[in-house]
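Student: Let me see the structure of the following:
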Amino acid sequence: MKLYIADAFTATRFSGNQAGVALLGTEDFPAEELMRALAGELKHSETAFVRQTGARAFHIRYFTPAEEVDLCGHATIAAFTVLRDTGAVSPGDYALHTRSGDLEIGVDPGAVWMDMAAPKDGQSFSPTEQADLYAAYGLSLADRPEGLEPQAVSTGLMDILLPVKDLDALNRAEQDEGAVTRLSKRYDVVGVHMFCPNTPDAAAHCRNFAPLYAIPEEAATGTSNGALTYYLYRRGLVRAGGENRFVQGEKMGKPSEILSRITEGTDGVKVRVGGRALPTLKCELLEG
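Tutor: Next comes the predicted model:
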């Protein structure tokens, strides 16, 4: 296999969110133990293992250092950027099979766009449950913006979307990893996507936490911002047909820009997430 590291959701080297990319060509996936071990060796939040299944079709599996996950937005953007930049694909549309479902990928000369899975609301939370969520970050219900409440939402992976009223609350949040891990298990979610909406420069500034999957904090998460796009759309804070900008990773010193679009159709709404990526390293797996 050919191994790469790419910075996703950025055009600046060593910024954004890093992902491992393993290109398999048309070969079958290696053993799960090897993919999991390799993801642990690369030490990034996700590594995408990519095999080509047809002229314009691919199958990707995603591994964290702990286990396989159904879908990863930033690793998908990274993977198709590497495929484009190595000449394996040219600009156009491609079919992608994942454990989360079949998606369409749009490869542009300067960006990659991916369909999210059909959006759906998960559970809402009682006032006591909301207080527990905020307390896990050293915050309280006083930090919740008026008119918005936490909600579990999925566009491929179920996350708890946790609104805060201003950038000060977003920046001073301090995660209790044990508490967030327990809450993630209790509510059967990947993690928590905290956001401050309606900032002057973006639809929202965000922070993402998934300690249950050995990711204390992540600099850019495509699936979570896809879910957030749907959450904001349902509440009239973003419109169909426009392009939305989300800023994430600032607290980690890795500012990232995630873009999204939402369209309305007879079969419901569709969310697409996109961004730029920059391959930074090429590696070789040695025989051993």
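Student: Need the pLDDT of residue 16.
Tutor: Residue 16 is assigned 88 on the pLDDT scale.
Student: Leaving aside the residues adjacent along the chain, what's closest to it?
Tutor: Nearest residue to residue 16 in three dimensions, chain neighbours excluded: residue 10, at 2.9 Å (CB to CB, 6 or more residues apart in numbering). Bear in mind the C-beta positions are built from the backbone N, C-alpha and C, glycine included.
Student: Quick check: the gap between residue 11 and residue 76.
Tutor: To residue 76, residue 11 is 17 Å away according to CB to CB, to the nearest Å.
Student: The two: who's more crowded?
Tutor: residue 76 (31 against 14; other CB atoms under 10 Å).
Student: what is the mean pLDDT for the helix or strand that that one is a member of?
Tutor: Secondary-structure assignment from DSSP states H and E places residue 76 in helix 73-85. Mean per-residue pLDDT for helix 73-85: 95.
Student: just stretch 48-65 next, same as before
Tutor: pLDDT averaged over stretch 48-65 gives 97.
Student: quick one: secondary structure of the residue nearest to residue 16?
Tutor: Here residue 10 is coil, with the state taken from DSSP: H, G, I helix; E, B strand; the rest coil.
Student: got the contact list for the spatially most central residue of the chain?
Tutor: The chain has residue 221 as the residue nearest its centroid, 2.5 Å off, counting by CA atoms, centre = their mean. By CB atoms under 8 Å, 6 or more residues apart in numbering, residue 221 lies in contact with 17, 73-74, 193, 206, 208, 248, 258.
Student: Restrict stretch 279-288 to CA atoms and write it as CSV.
Tutor: Extracted C-alpha coordinates of stretch 279-288, given in CSV (Å, rounded to 0.1, in the frame of the first residue of the first chain):
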residue,chain,number,x,y,z
PRO,A,279,-0.8,16.2,1.2
THR,A,280,2.3,16.7,3.4
LEU,A,281,4.0,13.4,3.8
LYS,A,282,4.5,10.2,1.8
CYS,A,283,5.4,7.0,3.7
GLU,A,284,6.4,3.5,2.9
LEU,A,285,5.4,0.4,4.9
LEU,A,286,8.4,-1.8,5.3
GLU,A,287,8.3,-5.6,5.4
GLY,A,288,8.7,-7.0,8.9
